[in-house]
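> my questions are about this predicted structure, shown below with the sequence.
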Amino acid sequence: MIAELIAAFLKIVLVLGTISLVVAYLTYLERKIIGHIQMRMGPMRVGWHGLLQPIADGLKLFLKEDIIPSKADKIVFVIAPIMVLVPAFVVYSVLPFDENFYITQVNVGLFLVLAVSSLGVFGIVMAGWASNSKYSLLGAFRSAAQMLSYEIFLGFSLIGPLMLAGSLNFQNIVKAQSDVWFVFYQPLAFIVFFIAALAETNRIPFDLPEAETELVAGFHTEYSGMKFAFFFLAEYANIMAVSTVCIAVFFGGWGGIDAIPLPGIVWYLLKMAVLIFVFIWIRATLPRYRYDQLMRVGWKFMFPLAILNIFVTGLVKFLFL
């Protein structure tokens, strides 16, 4: 029993430590990729080709003065970043990185990920309300409407693959794709899932809660120091989490190509690198949607497509499987 607890604790430390380090360098990678896409150099000053820039940014945020507005609700203002960050890290407790490497395995793993990740919106609303700022409050309202709406589409997009797998357990979902990845059976579900994931993580073209041109910085306008850093840690941790879910549900998890014998964790990392690159590529390419366009795309196009995918999947499964 003690040995199992120690092993679980070491896995938690390894996973959370690695994610924190990777998240820091995702900011560097994003700035570099966007820089090259826009024919710029990106970070170059701190270290060779700017490799130490994330460390410099982290030290700056850690040492920066922590300012709380005089008319803010101080208790809620302090709790809000923690409410955003904690769910973003808790979901990794059930996410699989390899067939034999995961913190824990539960039969409703995918449902748990959806339930826990949805709590982050409460922290965003708390941050916007507690700041006592019109910009922050507008950003929080936008985020609440956006994330609650697109959570529905994201959840419905996963029903088709789950009908094929017959389980909410990540291990069983991945094993069900041993022959063919679900992305080939469920391309429509993947498209809806990916678009909803962009909105859920507040990424361009759906970064309305942080729209700098209108809201300064949105719900975290009044935050500084490490509280400000918590919001960005949560955003990039959520990007990695939805990428992991996407890999497990649509791209065969740690499974690869038989002709190229690589460890499962390597296949997982390669797939995640491609998905994260697409996230960054979209940010460097597309403009921001208007808010009415965001809602119209969701309710008039994505929701009917998700329902259609469920109907077609059920019909095919009933008639042919």
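Received it, and whenever you're ready, just let me know what you need.
> contacts, neighbours, all on C-alpha from now
OK.
> G252: neighbouring residues, count only.
24 (other C-alpha atoms under 10 Å).
> quick one: it and R290, what's the gap?
Distance, G252 to R290, by C-alpha to C-alpha, to the nearest Å: 35 Å.
> now what about stretch 82-95, what contacts it?
Stretch 82-95 has contacts (C-alpha atoms under 8 Å, 6 or more residues apart in numbering) with 12, 15-16, 102-106, 109, 112-113, 116-117, 119-124, 170, 230-231, 233-235, 237-238, 241, 244-245.
> likewise for stretch 45-56?
Contact with stretch 45-56 is made by 24-25, 27-28, 43-44, as judged by C-alpha under 8 Å, 6+ apart.
> how about a cut-off of 6 Å?
The contact list for stretch 45-56, computed with C-alpha atoms under 6 Å, 6 or more residues apart in numbering, reads 24, 43-44.
> redo these as CSV? Include secondary structure.
Below are these laid out as CSV (DSSP: H, G, I helix; E, B strand; the rest coil):
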residue, secondary structure
A24, helix
P43, coil
M44, coil
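> out of those residues, which is nearest to L164?
Proximity of those to L164 (C-alpha to C-alpha) peaks at A24, which lies at 36.6 Å.
> quick one: find the helix or strand in this structure with the lowest mean pLDDT.
Across the helices and strands of the chain, the lowest-confidence element by mean pLDDT, DSSP states H and E is helix 212-215, at a mean of 64.
> what's the first helix or strand after that one?
The helix or strand immediately downstream of helix 212-215 is helix 225-250, counting by DSSP states H and E.
> could you name the helices and strands sitting against that next one?
helix 53-63, helix 74-90 (3 or more C-alpha pairs under 6 Å, 6 or more residues apart in numbering; DSSP states H and E).
> now the next helix or strand after that helix: buried residues?
With elements assigned by DSSP H and E, the helix or strand that comes after helix 225-250 is helix 264-285. Across helix 264-285, burial judged by 16 or more other C-alpha atoms under 10 Å covers 264-265, 267-269, 271-272, 275-277, 279-284.
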